[in-house]
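# Structure for the following, please:
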Amino acid sequence: CFVKNHINITDRQCLDALKRASLLLNMKHGLARLDTIWGMGGGQRPVVFLVKQIILLLKEYISSGDQTEAARCLVELEVPHFHHELVYQAVVLVLENGTESCMKMVMDLLLHMANITVLTQDQIDRGIMRVYGDMTEIVLDNPHAYVTLTKLVESCVTAGMLSQHLATQMPQRGRKRFVSEGDGGAIKSPED
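Next up, the predicted model:
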């Protein structure tokens with residue numbers, strides 16, 4: 001629209017710039033490409049894009065182990081108000097993976113980011129609380145998620161990353177009740 005409104009311009013350089021801008025805007029995924037060319041502030045990026053970048057950042061970190069690079073990538077997203085998403089996705093990654101090595105790597109990353117103040121305590125708490133809220137859905141895909149979450153939360157409390165108060169808010173897995181539990185465990189005769 002802006003480019004079409006300036007057809008009467010006679011300066012050759014201005015016309016070339018307008019044609020180039022029109023071409024860039026009209027190409028497939030034009031605005032997304034312009035974001036990488038001219039840059040777009042972090043808060044203006046779609047949430048889906050940010051979530052995908054955070055997941056990619058975590059996968060790269062798990063494969064490389066480079067905490068400094070992971071922190072740099074998170075800072076480059078320019079969304080400090082959205083850092084709780086990194087905590088959330090990191091914990092979900094641990095719950096899905098379930099290995100001690102993954103848990104240790106994520107703990108080390110979160111501690112590193114907290115120590116260099118990329119992550120604030122509020123962002124860590126908010127990410128953990130989001131996991132707590134989604135546990136009923138997470139456990140459907142990973143039945144051992146509560147066990148893994150318990151280990152992770154205990155490690156976070158020990159490392160000083162989580163308060164004991166937040167740890168006590170962790171949801172507990174409801175266990176299945178047996179039919180016989182309603183009667184105090186007494187064996188009933190067929191006549192009863």
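
# for the helix ranked longest in the chain, packing partners?
For the chain, the helix with the greatest residue count under DSSP state H is helix 121-141. Taking 3 or more CB pairs under 8 Å, 6 or more residues apart in numbering; DSSP states H and E as contact, the helices and strands that helix 121-141 lies on are helix 84-97, helix 100-115, helix 145-158, helix 164-168. Placement of C-beta: from N, CA and C, glycine included.

# 7 Å - rerun?
The contact analysis (3 or more CB pairs under 7 Å, 6 or more residues apart in numbering; DSSP states H and E) places helix 121-141 against helix 84-97, helix 145-158.

# Please name every helix or strand in contact with the first one.
Spelled out, that is helix 84-97. helix 47-64, helix 100-115, helix 121-141, helix 145-158.

# Not counting its neighbours along the chain, what's nearest residue 135?
The spatially closest residue to residue 135, leaving aside those adjacent along the chain, is residue 171, at 5.0 Å (CB to CB, 6 or more residues apart in numbering).

# right, and that neighbour touches residue 131 too?
No - contact between residue 171 and residue 131 fails when scored by CB atoms under 7 Å: they sit 9.3 Å apart.

# neighbour count winner among the two?
A direct count of neighbours by other CB atoms under 10 Å for residue 171 and residue 131 places residue 131 higher, at 23 against 14.

# Show the contacting residues for that one.
By CB atoms under 7 Å, 6 or more residues apart in numbering, residue 131 lies in contact with 88, 91-92.

# Recalculate using a threshold of 10 Å.
If you count contacts by CB atoms under 10 Å, 6 or more residues apart in numbering, residue 131 has them with 87-92, 94-95, 138, 145, 149, 152-153, 170-171.

# Any quick PyMOL command for the buried ones out of these?
Buried subset of the contacts of residue 131, written as a PyMOL selection, criterion 16 or more other CB atoms under 10 Å:
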select buried, resi 87+88+89+90+91+92+94+95+138+145+149+152+153+170
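
# Just give me the closest of the contacts of residue 131 to residue 162.
The closest of the contacts of residue 131 to residue 162 turns out to be residue 153 (CB to CB; 6.4 Å).

# show me where pLDDT drops low in the chain?
Residue ranges of the chain with pLDDT under 70: 1-9, 23-44, 174-192.

# next one: stretch 93-111 to chain centre, how far?
13 Å (CA atoms, centre = their mean, to the nearest Å).

# sorry, that was for stretch 115-125
Distance, centroid of stretch 115-125 to centroid of chain: 14 Å (CA atoms, centre = their mean).

# Repeat that for stretch 48-55.
On CA atoms, centre = their mean, the centre of stretch 48-55 falls 8 Å from the chain's centre.
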